[in-house]
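Undergrad: predicted model, plus sequence, below.
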Amino acid sequence: MDKKHKQLKKSIEKASNILILSHKGPDMDAFCSMLLVKEFLNIYYPEKKVTIKAKRRPSFNIPRMHDVDIVKRINQGDEDLIIITDMSDLETVCDSMDNILDSKMDVVIIDHHQQVSENHHLIINEGMSSATEQVIETFKQILGKKFKLTDEIAALGQYGINADTGRFLYETTTSNTFRLFADLFEFNPIDLEEITYKNNKVPRGSSSVIAYLLEKIVIEGDMAYTYVSLEDIKSHDWKDSDVNEAINFVKNNYIRFIQGVHWGFMLKPSFKEESVWWLSLRGTKEYQEVDGIAEALGGGGHKFASGARLEYPVGTSVDKILKDILHTIEGVKKK
């Protein structure tokens, strides 16, 4: 067990009340990694109070999903340890109205993204395929010979790994990913087709948003992009959750799959902070890496799946923001 794992074990043993969080708009890997942490803690540290908080429940049926407490605000409570999965800092977990941002409690981050936060929290990130893989490997280290699989752990592991590797297509997949998945599958096999089907389901309310995003697509060479503004959302009376699901569907299943297009981005406003916009970039291996573009805009992520948080004065037009993004892309590509 290395120094960081020893430190995490010590933090868990010292804590009485543990809060588990992940990023805003949690995806399958975020939910699975959070639920896995709670499952390990419940089994091996039953005396601890362990809570997961999120602002929405999974839209897909996975084990222990009702262990997620749905809240409007993530505020400070009596927790004495915060564990964040699938994200590198509290700022990307919370909104400005969530006073957990002011917490002085110990924070542990279990992540897998290439960009490492420049904070002083304990960060466990060994560059694995997913937060799910990192959580399981982390508890293998902490528990040693005590580590054992359960049906729930095996199922959650398969759901999370499958989702964040794109059925093992992404370059973050390693030989360890295959070995771990094989162990989980052998213990409690889950149908990969069923996992993919569940993960790709979208709410009915997202259909009109998807149609709007597709209508707005702009193609420039081998790049495509689309966007939605706060005014669009309000005028159509779309739900935040439906917009998020539509964005995820289009960026993962359409933006790079137009004939002649190999990469692109999507832009949407924050629903909570009018001065904030979220940019998501997707690239295709051997065509365009997008992490450098995200970093130039103050964000980060993987080579072919990155994002950034953009801040503009309230009232800034979407045309102005798109112009700035395209200018940054041009500058990065010239280097």
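TA: Yep, that arrived. Given the structure is predicted, the values throughout are model-derived calculations rather than measurements.
Undergrad: check which residues of stretch 143-162 are buried.
TA: By 16 or more other C-beta atoms under 10 Å, the buried positions in stretch 143-162 come out as 152, 153, 154, 155, 156, 157, 158, 159, 160, 161, 162. Where you see a C-beta, it was placed from the backbone N, CA and C, and this is true even at glycine.
Undergrad: how much space between the third one and residue 198?
TA: Put plainly, it is residue 154. 16 Å (C-beta to C-beta, to the nearest Å).
Undergrad: just to revisit the earlier point, now, which of the buried residues of stretch 143-162 sits nearest residue 14?
TA: Distance to residue 14 across the buried residues of stretch 143-162 (C-beta to C-beta) is lowest for residue 153, with 24.1 Å.
Undergrad: if you skip the residues just before and after it, what's nearest to the closest one?
TA: With sequence-adjacent residues excluded and distances taken as C-beta to C-beta, 6 or more residues apart in numbering, residue 153 is closest to residue 39, at 5.7 Å.
Undergrad: what packs against the host helix or strand of the one you found?
TA: Per DSSP states H and E: residue 39 is located in helix 28-44. When contacts are defined as 3 or more C-beta pairs under 8 Å, 6 or more residues apart in numbering; DSSP states H and E, helix 28-44 packs onto strand 17-21, strand 49-54, strand 68-70, strand 81-85, helix 131-143, helix 151-165.
Undergrad: and it with helix 151-165, angle?
TA: Here helix 28-44 runs at an angle of 160 degrees relative to helix 151-165 (axes from the mean of the first three to the mean of the last three C-alpha atoms, to 10 degrees).
Undergrad: you'd agree residue 76 is up against residue 102?
TA: Yes - between residue 76 and residue 102 there is a contact under C-beta atoms under 8 Å: 6.9 Å.
Undergrad: give me the three-state assignment for the residue of the chain most remote from its centre.
TA: Distance from the C-alpha centroid of the chain, by C-alpha atoms, centre = their mean, peaks at residue 145 (30.5 Å). Per DSSP: H, G, I helix; E, B strand; the rest coil, the secondary structure class of residue 145 is helix.
Undergrad: so which of the helices and strands packed on helix 28-44 is the most surrounded?
TA: Looking across the helices and strands packed on helix 28-44 with neighbours counted as mean count of other C-beta atoms under 10 Å, the highest average goes to strand 81-85: a mean of 26.
Undergrad: now do that one, average pLDDT.
TA: If you average the pLDDT over strand 81-85, you get 95.
Undergrad: quick one: low-confidence parts of the stretch 101-250 of the chain?
TA: 115-120, 199 (pLDDT under 70).
Undergrad: one step back: contacting residues around the residue farthest from the centre of the chain?
TA: For residue 145, the contact set (C-beta atoms under 8 Å, 6 or more residues apart in numbering) is empty.
Undergrad: chain center to stretch 222-242: distance?
TA: For stretch 222-242, the separation from the chain centroid amounts to 20 Å (computed by C-alpha atoms, centre = their mean, to the nearest Å).
Undergrad: so how far is the helix or strand harbouring residue 321 off the chain centroid?
TA: Element membership of residue 321, judged by DSSP H and E, is helix 318-334. On the basis of C-alpha atoms, centre = their mean, helix 318-334 sits 24 Å off its chain's mean C-alpha point.
Undergrad: hmm, back to that, now the buried residues of stretch 143-162 as JSON lines including distance to residue 213?
TA: Converted to JSON lines, the buried residues of stretch 143-162 look like this (distance: C-beta to C-beta, whole Å):
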{"residue": "152", "distance to residue 213": "36"}
{"residue": "153", "distance to residue 213": "36"}
{"residue": "154", "distance to residue 213": "36"}
{"residue": "155", "distance to residue 213": "32"}
{"residue": "156", "distance to residue 213": "31"}
{"residue": "157", "distance to residue 213": "32"}
{"residue": "158", "distance to residue 213": "30"}
{"residue": "159", "distance to residue 213": "26"}
{"residue": "160", "distance to residue 213": "26"}
{"residue": "161", "distance to residue 213": "28"}
{"residue": "162", "distance to residue 213": "25"}
